[in-house]
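> Predicted model follows, preceded by the sequence.
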Amino acid sequence: MTAENIPRATAKRLPIYYRYLNILHDTGKSRISSTELAEAVQVDSATIRRDFSYFGALGKRGYGYDVDSLLSFFKQILNQEHLTNVALIGVGNLGHALLNFNFHKDGNVRISAAFDTNDAIVNKIQDGVPVYPITELAHQLKEQQIQVVILTVPSSAAQGVTDDAVAGGVKGILNFTPIRLAVPDAVLVQNVDLTNELQTLIYFIENFGK
Ligand code: ATP
């Protein structure tokens with residue numbers, strides 16, 4: 001089974017499993033049952049069993065899953081073994097926060113280049129990351145072989161910047177703007193609408209909370 005054959009919904013849960021298995025590994029635990037795992041990661045155990053079956057980890061009755069072999073599989077699938085460079089486009093409030101955060105806890109992803117139109121920050125280093133003029137986007141993505149970008153520009157700029165990123169060979173966009181981006185089929189877009197998420201949470205608390 002290769003990464004391409006794994007259903008998208010399963011693939012999205014892999015980082016959750018991976019993180020928890022790492023914690024187990026660090027505490028010296030060598031095996032875990034799907035029920036225990038279900039409780040820890042808040043995914044039901046039938047889903048976990050189905051997810052794991054996609055990559056041939058069937059788990060033995062009465063034994064559960066072997067933590068180390070699952071971990072080495074996830075490492076491979078999630079590309080944890082090599083560093084992925086990501087670009088951030090739009091160094092405003094949210095962009096700054098992400099630059100500052102820089103995903104250091106997971107170790108395998110980092111923002112290595114940023115882009116903006118603002119002369120005050122262009123050609124300077126922000127939170128350890130060089131900020132390039134947006135006009136250089138396509139060229140720099142190709143040059144630095146960056147295939148994933150985080151989009152934190154204003155909505156009005158989102159599609160134009162996306163088109164340039166696509167011209168630069170981008171394969172994935174983490175989109176923090178509320179705009180639904182038009183991209184070629186080969187480009188994956190993951191939308192993160194923080195306002196929407198927060199409002200959904202509040203709605204559920206108000207309507208279904210205790
Ligand atoms: P945020 O929305 O993250 O809170 P903000 O309110 O500080 O940010 P925005 O106006 O949303 O600012 O712009 C975010 C960043 O995107 C700014 O740094 C701005 O200079 C930059 N920006 C605006 N237009 C473009 C563009 N076409 N290409 C690249 N960057 C842009």
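Arrived safely, thanks for sending.
> For L14, give me the pLDDT.
In this prediction, L14 carries a pLDDT score of 83.
> Can you point out the buried residues in the helix or strand hosting it?
Using DSSP states H and E, L14 sits in helix 8-26. With burial defined by 16 or more other C-beta atoms under 10 Å, the residues of helix 8-26 counted as buried are T10, A11, R13, L14, Y17, Y18, Y20, L21, N22, L24. Just so you know, the C-beta spots here come from the backbone N, C-alpha and C atoms, and that holds for glycine as well.
> Give me the lowest-pLDDT entry from these.
Ranking the buried residues of helix 8-26 by pLDDT puts A11 at the bottom, with 79.
> Just the CA atoms of stretch 147-163, as CSV, please.
Listed in CSV are the C-alpha atoms of stretch 147-163, where the atom choice follows Å, rounded to 0.1, in the frame of the first residue of the first chain:
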residue,chain,number,x,y,z
GLN,A,147,6.0,22.7,-3.2
VAL,A,148,3.8,23.7,-0.2
VAL,A,149,2.6,27.2,0.6
ILE,A,150,0.6,28.7,3.5
LEU,A,151,-1.7,31.5,2.3
THR,A,152,-2.3,34.3,4.8
VAL,A,153,-2.9,37.2,2.4
PRO,A,154,-6.0,39.3,2.3
SER,A,155,-8.9,37.7,0.5
SER,A,156,-8.7,40.1,-2.4
ALA,A,157,-5.1,39.0,-3.1
ALA,A,158,-5.7,35.2,-2.6
GLN,A,159,-6.5,34.0,-6.2
GLY,A,160,-3.8,36.1,-7.9
VAL,A,161,-1.1,34.9,-5.5
THR,A,162,-2.4,31.3,-5.9
ASP,A,163,-2.1,31.6,-9.7
